[in-house]
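S.K.: no letters, just coordinates:
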C-alpha cells in the first residue's frame with residue numbers, strides 16, 4: 001500500500017485538476033525530470049501513467065485531471081488513504097543540458113508537467129522562455145512556481161481571462177518571428193504538440209515533445225503505447241516519453257488515443273462515480 005500524504009484541488013471547476021503528494025522514498029531517490037510512474041487505485045482497477053511533477057526525500061508529487069474513470073476514482077481518495085500500487089520511475093529522463101535559449105510550451109494539465117523541465121533547464125543556466133496555455137485563468141496551474149524559473153513568461157487563455165486571448169501556439173509564432181532559439185520543448189494535448197511541431201519546423205528548430213499515448217504495463221511488453229516515429233514502431237513507455245517532434249506521426253497517435261472512447265462512455269453509464 002502507498003500512502004497519500006497531501007491532496008490539493010488546484011482547479012475546482014469540472015474537470016477538476018488535483019495535486020497529490022505520495023510517500024515514495026525509493027522512487028524519489030531515483031526519479032529525474034520527464035520520468036513517470038504507473039499507479040493502480042485498487043486491485044481491480046487499470047494502470048495509469050502520471051508524470052512526476054516534483055519530489056523531496058520521502059515523496060513524489062503528481063498532478064492529474066479527471067479525464068477518465070480511474071482519475072475520477074483517484075480524485076475521490078483523501079489524505080492518509082492508500083493507493084493499491086505504484087511503480088517507477090519509468091521512461092527515459094528528459095535530456096537536460098545547456099542548450100542556450102529554450103522556449104517551453106505547456107498546455108492544459110501539461111503545464112504541471114513542464115514545471116520540472118523548466119526548473120531543470122534553468123539549473124543548467126539556459127535562458128528559459130515559458131508559454132502557458134489554458135482554457136481560462138482557473139486552469140493556469142503552478143503559474144508562480146514556473147515564473148520563478150523563467151526569464152520570460154507568456155500566458156494565453158481561450159477566453160482571454162488572463163494573458164492573451166487565443167492559444168499558446170499563437171504566442172509561439174510571434175516569439176519565433178522575433179527571436180532566435182536553440183530548442184523548443186512542449187507538453188500538452190496532441191493537437192497542440194502537432195501545431196507546435198509545425199511552427200518550429202518552419203524555423204528548422206529542434207523540438208522535443210513528451211507524448212502521452214494510452215499505457216498499460218509501462219515496460220514495453222504490452223505494446224499499448226506504440227506510436228509511429230520516423231516510420232517505425234516505438235513505445236512511449238520505454239523509448240520515450242520524449243521524442244523529436246518532427247519525426248512523430250501525430251495523426252496516428254490521435255487515432256490510437258481515441259480507440260477506447262466508446263468503452264469509456266459505456267463505463268460512465270454503468271458505474272456510479
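M.R.: Received the coordinates, thanks. No experiment lies behind these values; they were computed from the predicted model shown.

S.K.: for the helix or strand where residue 193 lies, packing partners?
M.R.: Per DSSP states H and E: residue 193 is located in helix 190-202. Other helices and strands packing on helix 190-202, by 3 or more C-beta pairs under 8 Å, 6 or more residues apart in numbering; DSSP states H and E, are strand 101-107, helix 168-178, strand 183-187, strand 207-210, helix 250-257. C-beta: built from backbone N, CA, C; applies to glycine.

S.K.: mind putting the ones you listed into a markdown table with distance to residue 86?
M.R.: Formatted as a markdown table, the helices and strands packed on helix 190-202 follow (distance: least, C-beta to C-beta, whole Å):
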| stretch | distance to residue 86 |
| --- | --- |
| strand 101-107 | 24 |
| helix 168-178 | 31 |
| strand 183-187 | 21 |
| strand 207-210 | 20 |
| helix 250-257 | 24 |
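
S.K.: looking at these, which is closest to residue 34?
M.R.: For those, proximity to residue 34 was assessed by C-beta to C-beta; strand 207-210 is nearest, at 6.4 Å.

S.K.: next secondary structure after that closest one?
M.R.: Past strand 207-210, the next helix or strand by DSSP H and E is strand 226-229.

S.K.: quick one: average pLDDT of that next one?
M.R.: The average pLDDT within strand 226-229 is 88.

S.K.: contact partners of that strand?
M.R.: 211, 213, 233-236, 239, 243-244, 247-249, 252-253, 256 (C-beta atoms under 8 Å, 6 or more residues apart in numbering).

S.K.: do the same with stretch 245-254
M.R.: The contact list for stretch 245-254, computed with C-beta under 8 Å, 6+ apart, reads 184, 186, 190-191, 193-194, 196-197, 200-201, 207-209, 211, 213, 227-231.

S.K.: for residue 120, see how far away residue 96 is.
M.R.: Per C-beta to C-beta, to the nearest Å, residue 96 is found 5 Å from residue 120.

S.K.: where does pLDDT dip in the protein?
M.R.: Residues of the chain meeting the criterion pLDDT under 70: 258-273.

S.K.: could you pull out the strands for the stretch 51-200 of the chain?
M.R.: Assigned by DSSP state E, counting those that start in this stretch, the strands in the stretch 51-200 of the chain fall at 59-65, 82-83, 85-90, 101-107, 127-134, 152-157, 164-165, 183-187.
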